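Undergrad: Quick one, structure for this:
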Amino acid sequence: MKLFARPNNHRTQRILVVAKVNELDVKVQCEDSNSDMYGKIPVLDTGKSGCIFASNAIGRYLARMRPDIGLYGQNFIESGEVDSWVEYSSWELEVPLCTWTFPMEGIFPEVTQATTQAQLDVEACLSVLNKHLTHRTFMVGENLTFADIHIASVLFKAWDVHHCLEPLTKDLMHLKRWYKLISKTPAFSSVFVSKPASKQDNREKKGDNKQQQQPKKEQPKQQPKKEQQKKEQPKKDDKKDEPKPAPSRADIIKKVVKEGGKRGVEIEGVSDMGGLNFFCTAVEQPKGDLEFTEMSVDAMNADSDPTEEERRGGSKNVGKMIFSDGEDLAIVCYVPEALQSKTTADVWMQNMLKTMGESSGYVAAKSNKTTAFALLKCDKEKGRFSIKLKDTGIGAANAYLREHGLFPDDDDDEDDMCFGDDDFPSM
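TA: From the prediction side, this is the model:
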């Protein structure tokens, strides 16, 4: 198949990622004219007496060509969810992001009011995505889909090239975890290549030539001063380069407990809405430490005071398996006594580890029916990464719940089992 498009456009690159994942032979026919302004490119020549135009339509077509891989979902419901997120990404996220970043690339002049509004719109969208990913590894289902590729491709330039999303994503740990996972997949990373750039790169190329020439005329007069400054600079840089002191144990515990308490309220709320008794999710602050992950679970299970302005905990009646990735992968499983007729923490944990082939990570000395522990040692040189083990573990833990009727199946038609963007409280 031939794709007539601009090779460096993110929409073209998105199509190529889909083709790589589905192992389809798509060759780009370079088109440098402005014909795309009139809706003529991108165009996919399928070689079957037909052509498909518009990037989303082409992406959907290619995603559907390999049902066995599942880029368009595993069933009709998931396919509908993929469509929903593609539409959301195209209109709610991509439009304001282009309004924000196009002036950085010199595509059109910046309009301050429009840029400010675009930043607010992008911030709102990122918050929605972060909430949706609170208890999910991928946007739809348990595997990579076109929805993940679409949203990540829209975010790529702002995230990895212009770096303008850093202030907005500082506290959006679920979104950051998801984006890191998607952007590191072989198909995505081979097409979308990060290039270091600052916000003013394009402006400097176009409008700062005169300013760059003026200092050259003044250089001979100020050479002695500049030489002195150069000698003094290392001293200043040395102070800046001094390593920051490591956070104290008390500071780490404070963050761990705060995050765990907030997550407990979220779990309680989702459980009340959906009637679910068991959850699998991840926390960030323990950073793979088993002791801190246990503290996080204790904070989730703490009694919640409804009179407090900011409620914490409250999910002690919900069974949960909590993962934290860092240098290692720490896992803590909790099942309240009232639910132990359905499964116990030690049984759930051991079944999950057995499925992963990681039974040696089980901490039998600390585990019992109510609480079970595991610590999976990682080694980057050997290709054992905690984030990959975490995603595998969450999938195995959810599979156990489905197998024993403790979690809704994908074919469940009850509306209250399908959680949307606004089902989770703010982080």
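Undergrad: Closest to the centroid, which residue in this structure?
TA: The structure's the chain has its C-alpha centroid closest to W178; by Cα atoms, centre = their mean the separation is 1.8 Å.
Undergrad: So which helix or strand of this protein has the lowest pLDDT on average?
TA: helix 201-207 (a mean of 44; mean pLDDT, DSSP states H and E).
Undergrad: Low-confidence stretches in the stretch 51-200 of the chain?
TA: With pLDDT under 70 as the threshold, the stretch 51-200 of the chain has low-confidence stretches at 195-200.
Undergrad: mind listing what's buried in the strand or helix carrying M352?
TA: Using DSSP states H and E, M352 falls within helix 345-356. Using 16 or more other Cβ atoms under 10 Å as the test for burial, helix 345-356 gives 345-353, 355-356. C-beta: built from backbone N, CA, C; applies to glycine.
Undergrad: now swap in stretch 17-30 and tell me
TA: Quick answer for stretch 17-30 (16+ other Cβ under 10 Å): 17-22, 26, 28.
Undergrad: and the next element down the chain from the helix or strand hosting L129?
TA: Per DSSP H and E, L129 falls inside helix 112-132. Next in sequence after helix 112-132, counting helices and strands by DSSP H and E, comes helix 146-156.
Undergrad: List the residues that contact N277.
TA: 271, 318-319, 339, 342, 406 (Cβ atoms under 8 Å, 6 or more residues apart in numbering).
Undergrad: For T370, which non-adjacent residue is closest in space?
TA: In space, and not counting its chain neighbours, T370 is closest to A345: 5.7 Å by Cβ to Cβ, 6 or more residues apart in numbering.
Undergrad: Model confidence for the one you found, exactly?
TA: For A345, the pLDDT comes out at 96.
Undergrad: and if you look at the one 10 residues further on?
TA: At T355, the model reports a pLDDT of 94.
Undergrad: Look at M273 and give its secondary structure.
TA: Here M273 is recorded as helix under DSSP: H, G, I helix; E, B strand; the rest coil.
Undergrad: Counting neighbours, what do you get for it?
TA: 13 (other Cβ atoms under 10 Å).
Undergrad: gap between it and C280?
TA: According to Cβ to Cβ, to the nearest Å, M273 and C280 sit 17 Å apart.
Undergrad: one step back: for the helix holding L129, packing partners?
TA: Packed against helix 112-132 by the contact rule (3 or more Cβ pairs under 8 Å, 6 or more residues apart in numbering; DSSP states H and E) you find helix 94-101, helix 166-169, helix 173-183.
Undergrad: could you dump the ones you listed to JSON lines with distance to Y362?
TA: Shown next, in JSON lines, are the helices and strands packed on helix 112-132 (distance: least, Cβ to Cβ, whole Å):
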{"stretch": "helix 94-101", "distance to Y362": "45"}
{"stretch": "helix 166-169", "distance to Y362": "35"}
{"stretch": "helix 173-183", "distance to Y362": "25"}
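Undergrad: For stretch 167-178, C-alpha coordinates in CSV please.
TA: Coordinates of the C-alpha atoms in stretch 167-178 are reproduced here as CSV (Å, rounded to 0.1, in the frame of the first residue of the first chain):
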residue,chain,number,x,y,z
PRO,A,167,4.2,22.1,34.4
LEU,A,168,0.8,20.7,33.6
THR,A,169,1.7,17.0,34.0
LYS,A,170,3.8,17.5,37.2
ASP,A,171,1.1,15.8,39.4
LEU,A,172,-0.6,13.6,36.8
MET,A,173,1.3,10.4,37.6
HIS,A,174,-1.2,8.1,35.9
LEU,A,175,-0.9,10.0,32.6
LYS,A,176,2.9,10.1,32.8
ARG,A,177,3.1,6.4,33.6
TRP,A,178,0.8,5.7,30.5
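Undergrad: Quick check: chain neighbours aside, which residue is closest to the residue nearest to the centre of the chain?
TA: Using Cβ to Cβ, 6+ apart, the closest residue to W178 is L133 (4.9 Å).
Undergrad: The one you found contacts A147, correct?
TA: No - assessed by Cβ atoms under 8 Å, L133 is found out of contact with A147, at 11.5 Å.
Undergrad: tally of neighbours for K382?
TA: 7.
Undergrad: Now do it against W348, distance only.
TA: 28 Å.
Undergrad: Could you list which residues are in contact with the residue nearest to W178?
TA: 139, 174-175, 177-178.
Undergrad: farthest pair in the residues you listed?
TA: Farthest-apart pair in those is M139 and R177; separation 12.8 Å (Cβ to Cβ).
Undergrad: Who has more neighbours out of these two?
TA: Between M139 and R177, counted using other Cβ under 10 Å, M139 has the larger neighbour count: 26 against 18.
Undergrad: ok, now which ones touch that one?
TA: With Cβ under 8 Å, 6+ apart, M139 has these contacts: 81-82, 85, 132-133, 145, 147-148, 151, 178.
Undergrad: hmm, 6 Å instead?
TA: M139 makes contact with 85, 147-148 under the criterion Cβ atoms under 6 Å, 6 or more residues apart in numbering.
Undergrad: ranking these by neighbours, who comes first?
TA: A147 (26 neighbours).
Undergrad: Against G73, how distant is it?
TA: 9 Å.
Undergrad: Likewise for K258?
TA: In this view, K258 and G73 are 36 Å apart by Cβ to Cβ.
Undergrad: Give the other helices and strands that the helix or strand hosting R402 contacts.
TA: According to DSSP H and E, R402 maps onto helix 386-403. Contact analysis of helix 386-403 by 3 or more Cβ pairs under 6 Å, 6 or more residues apart in numbering; DSSP states H and E lists strand 278-282, strand 319-325, strand 329-334, helix 345-356 as its packing neighbours.
Undergrad: Turn the ones you listed into CSV, including distance to L126.
TA: Converted to CSV, the helices and strands packed on helix 386-403 look like this (distance: least, Cβ to Cβ, whole Å):
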stretch, distance to L126
strand 278-282, 19
strand 319-325, 22
strand 329-334, 26
helix 345-356, 31
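Undergrad: Could you report the neighbour count for the residue lying closest to M300 once chain neighbours are set aside?
TA: Spatial nearest neighbour of M300, excluding adjacent residues (Cβ to Cβ, 6+ apart): G264 at 3.4 Å. Using other Cβ under 10 Å, G264 has 26 other residues around it.
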